[in-house]
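In: Return a 3D structure for these sequence lines:
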Amino acid sequence: MLSRSAKHLYWLARYIERTENIARMIDVNLELILDYPVDHSLNWKPLIDTLDANKTYEKKYKKYNEDNVLNFLFEGANNSSSIKNCLDMAKYNIETVRDDLPKSASISLNHLHDHIFGETFVKIHKRKRLTHITNIVDLTQEFFSSINDNLSRGYEFEFIRLGRFLERVDMISRIIDCLCITKSDKKTYDFSTMEWISLLSILSAQDAFRKVSKGEVDRAEVINFLLQDDSFPRSITRCLSILRLCLDSFPKNEKIILKIRTLRLRFDTANLEKFDDDKLHLFLDKCQKDLISIDNLVEKTYF
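Out: Numbering: from 1, shown residues only. A predicted model of the protein is given here:
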């Protein structure tokens, strides 16, 4: 297939997966703030921290309050990871490869685009915001379900999977990393259990976690589950396994496979439950740098 088409498929998947993960973060945060008894501004800054977009945010806003953060994450013209920018880029990337995809995938993306661009999010009544966000998550999953159920296995399918799961590893590592480095800011109340529950909620991992957990939600068990459980589709090690499988059918894959194997081995051999927050932050920061290196190799090799 043409390298240009491969690139469009790869980034189409990355932008839609990013949209889903940002929507999940907002969804859980809107629910979580109901349980915080004090300053809600503490709850919104971590979403910007996760995307490493603080400099861009602070050029326009002084406070990390709900309306500012939500406007930035949805509408932000200067925010490359805003939901609207992600969907604009997804629409751009699908134009060239539309004929390579099932018609239902294009229809799903059109529904998602119309849902997001239909109205300004901050103007939606607060009672309806959770429903609006949940619908975004549902529509992104509808797109990927159409790909999984209706697209023949081949280069097109594998480049979509490659982009989707590379983006997923990046977002999961960022979300966990953000929790580790920001929870120390909340010095008056102990929200640790609530925060780890919220992390499971973001990744729709509560039910799967309960099957392996032996009691109350515990930091060490959550870390082990989300980073090292190869049976859960949103764990980092499982995503790395899928990335490895994606590359099996590609030529010139040796360097990328070696990078993924090395990264996977680091997760498999680390005693992550014994890491304090600082050490886990350094570990995940190294992971994110490796993911950038893998993305650069994919770009250099195939696009």
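In: Can you list the buried residues in stretch 239-251?
Out: Going by neighbour count (16 or more other CB atoms under 10 Å), the buried part of stretch 239-251 is Cys239, Leu240, Ile242, Leu243, Arg244, Cys246, Leu247, Phe250. Every C-beta, even on glycine, is put in place using the N, C-alpha and C of the backbone.
In: mind giving me a markdown table with the residues you listed and columns for distance to Glu31, secondary structure and pLDDT?
Out: Output for these, formatted as a markdown table (distance: CB to CB, whole Å; DSSP: H, G, I helix; E, B strand; the rest coil; pLDDT from 0 to 100):
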| residue | distance to Glu31 | secondary structure | pLDDT |
| --- | --- | --- | --- |
| Cys239 | 25 | helix | 96 |
| Leu240 | 30 | helix | 96 |
| Ile242 | 29 | helix | 95 |
| Leu243 | 31 | helix | 96 |
| Arg244 | 35 | helix | 94 |
| Cys246 | 34 | helix | 93 |
| Leu247 | 38 | helix | 94 |
| Phe250 | 41 | coil | 93 |
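In: Can you check what pLDDT the model gives Phe159?
Out: Note on Phe159: pLDDT of 97.
In: Next, the contact list for it, please.
Out: Contact analysis of Phe159 by CB atoms under 8 Å, 6 or more residues apart in numbering lists Ala6, Leu9, Tyr10, Ala13, Cys246, Tyr302.
In: all helices for the chain, in order.
Out: Assigned by DSSP state H, the helices in the chain fall at 3-32, 41-50, 54-58, 66-74, 83-97, 103-117, 126-150, 155-182, 192-202, 206-212, 219-228, 236-247, 254-269, 277-302.
In: Okay, His113 and Phe225: tell me how far apart.
Out: 34 Å (CB to CB, to the nearest Å).
In: I meant to write Lys128 there.
Out: The gap separating Lys128 from Phe225 is 33 Å, by CB to CB.
In: Of these two, which one has the most company?
Out: In this view Lys128 and Phe225 are compared by other CB atoms under 10 Å, and Phe225 has more residues nearby, 21 against 9.
In: Next, the contact list for the residue nearest to that one when sequence neighbours are not counted, please.
Out: Counting by CB to CB, 6 or more residues apart in numbering, Phe209 is the residue found nearest to Phe225 once chain neighbours are left out, at 5.4 Å. Contact analysis of Phe209 by CB under 8 Å, 6+ apart lists Leu200, Val217, Glu221, Val222, Phe225.
In: what number of residues lie near Arg264?
Out: 18.
In: Need the per-residue pLDDT for it.
Out: As predicted, Arg264 sits at a pLDDT of 95.
In: Find the residue closest to it in space, skipping its chain neighbours.
Out: Once flanking residues are discounted, Arg264 sits nearest to Leu240: 4.5 Å by CB to CB, 6+ apart.
In: Is that neighbour in contact with Arg266, as I believe?
Out: No: contact criterion CB atoms under 8 Å: Leu240 and Arg266 do not qualify, at 9.9 Å.
In: For the contacts of Phe159, give me TSV that also has distance to Lys289.
Out: Shown next, in TSV, are the contacts of Phe159 (distance: CB to CB, whole Å):
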residue	distance to Lys289
Ala6	24
Leu9	25
Tyr10	20
Ala13	22
Cys246	21
Tyr302	21
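In: Pick out the most distant pair among these.
Out: Pairwise distances among the contacts of Phe159 were taken by CB to CB; the largest, 13.9 Å, belongs to Ala13 and Tyr302.
In: coming back round to it: just curious, which of the contacts of Phe209 is nearest to Ala270?
Out: After measuring the contacts of Phe209 against Ala270 - CB to CB - the closest member comes out as Phe225, at 14.3 Å.
In: How about the contacts made by the closest residue to Val97 other than its chain neighbours?
Out: Ranked by CB to CB, 6+ apart and with sequence neighbours excluded, the top spatial neighbour of Val97 is His8, at 4.8 Å. Taking CB under 8 Å, 6+ apart, we find His8 in contact with Asn93, Ile94, Thr96, Val97.
In: Generate a ChimeraX selection restricted to the buried subset of these.
Out: Paste this into ChimeraX to select the buried members of those, with burial taken from 16+ other CB under 10 Å:
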select :93,94,97
